[in-house]
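K.L.:
The sequence isn't on hand, but the structure is:
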Ligand code: DX5
Ligand code: ZN
């Protein structure tokens, strides 16, 4: 049986109370916490860095799913690992050597992930599939929370699911951007196993009830 994981994105949390927001998501049944790192270069926005992750780390044992939207990510992989990131995901479109970044994440004992923007075809990253633990399919153009889900990305989930199953790989397929109850269910049916979501979860007074529904979505049938 496929277990669906929910990874609430701290980008939509109240930044003046990050510690409490982390606990709120954890207590609501989150499996992972999605942390969006933006450098103002790879995307036109700047968020948080390793020092904030380090400050949050002692508050919770929940896996930190760190999404690096930064150029040449290999430069910062060690800093994020030292800060307590469990999964470190780098972008296929970023500058720098992806193989080196993935290798370094693995050497540091963390789980490497690779992410693709809506405009990037799945076939361009097939060669990395035997090296990563996580494929993060962006369902919006990265940079900001609260954008509308891009339906055309669903076929990429189907494609990735088939590739992973055909090659008997053990990789989570995560989706990120515009995920809510409706779009999340579509993605899970197409083969996603992790739902990252910011605005749809942190805006709720009762995040727990919503997470429970998402975790019960009927999964794809191979
Ligand atoms: C967007 C980030 C997302 C963002 C999603 O660039 O990578 O993780 O937090 O936010 P929502 O769920 O509001 O689209
Ligand atoms: Zn993200």
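P.N.:
Received it, and whenever you're ready, just let me know what you need. Owing to the predicted nature of the structure, the values given are computational and were not obtained by experimental measurement. Numbering: from 1, shown residues only. Ligands and ions are numbered 1, 2, ... in the order given.

K.L.:
Around residue 52, count how many other residues there are.
P.N.:
Neighbour count of residue 52, defined by other Cβ atoms under 10 Å: 16. All C-beta atoms are positioned from the backbone trio N, CA, C, and that covers glycine.

K.L.:
should've said residue 117
P.N.:
Residue 117: 18 surrounding residues under other Cβ under 10 Å.

K.L.:
List the residues that contact the closest residue in space to it that isn't next to it in sequence.
P.N.:
Using Cβ to Cβ, 6 or more residues apart in numbering and skipping the chain neighbours, the partner closest in space to residue 117 is residue 138 (5.1 Å). The contact partners of residue 138, by Cβ atoms under 8 Å, 6 or more residues apart in numbering, come to 115, 116, 117, 118, 153, 175, 176, 177.

K.L.:
Now do the contacts for the third one.
P.N.:
With Cβ under 8 Å, 6+ apart as the criterion, the residues that contact residue 117 are 91, 92, 93, 138, 141, 142.

K.L.:
Which pLDDT value goes with residue 221?
P.N.:
On the pLDDT scale, residue 221 is placed at 71.

K.L.:
how near is it to residue 189?
P.N.:
9 Å (Cβ to Cβ, to the nearest Å).

K.L.:
Settle this for me: residue 77 is touching residue 101, isn't it.
P.N.:
Yes. Using Cβ atoms under 8 Å, residue 77 is in contact with residue 101, at 5.9 Å.

K.L.:
circling back: now the residue nearest to residue 117, which residues is it bridged with?
P.N.:
In this entry, residue 138 is beta-bridged to residue 176, by DSSP bridges.

K.L.:
dump the residue contacts of the nearest residue to residue 206 once chain neighbours are set aside.
P.N.:
The shortest distance from residue 206 to any residue other than its chain neighbours is 7.9 Å, reached at residue 28 (Cβ to Cβ, 6+ apart). Listed by Cβ under 8 Å, 6+ apart, the contact partners of residue 28 are 8, 201, 206, 207, 208, 211.

K.L.:
coming back round to it: show the pLDDT at the residue nearest to residue 117.
P.N.:
99.

K.L.:
and the closest residue to residue 126 other than its chain neighbours, what is it in contact with?
P.N.:
Closest residue to residue 126 in three dimensions, ignoring its sequence neighbours and counting by Cβ to Cβ, 6+ apart: residue 163, at 6.4 Å. Listed by Cβ under 8 Å, 6+ apart, the contact partners of residue 163 are 122, 126, 129, 169.

K.L.:
at 10 Å instead, please
P.N.:
Residue 163 is in contact with 122, 123, 125, 126, 129, 135, 169, 171, counting by Cβ atoms under 10 Å, 6 or more residues apart in numbering.

K.L.:
what's the distance between it and residue 34?
P.N.:
From residue 163 to residue 34 the distance is 23 Å (Cβ to Cβ).

K.L.:
Could you pull out the helices in the chain for me?
P.N.:
Along the chain, counting by DSSP state H, helices occupy 18-27, 50-56, 77-83, 98-107, 154-166, 181-190, 199-202, 207-215.

K.L.:
Next, format those as JSON lines and append distance to residue 146 and mean pLDDT.
P.N.:
Supplementary listing: the helices of the chain in JSON lines, determined by distance: least, Cβ to Cβ, whole Å; pLDDT from 0 to 100:
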{"stretch": "helix 18-27", "distance to residue 146": "16", "mean pLDDT": "98"}
{"stretch": "helix 50-56", "distance to residue 146": "21", "mean pLDDT": "98"}
{"stretch": "helix 77-83", "distance to residue 146": "25", "mean pLDDT": "98"}
{"stretch": "helix 98-107", "distance to residue 146": "28", "mean pLDDT": "98"}
{"stretch": "helix 154-166", "distance to residue 146": "20", "mean pLDDT": "98"}
{"stretch": "helix 181-190", "distance to residue 146": "13", "mean pLDDT": "98"}
{"stretch": "helix 199-202", "distance to residue 146": "5", "mean pLDDT": "98"}
{"stretch": "helix 207-215", "distance to residue 146": "16", "mean pLDDT": "98"}
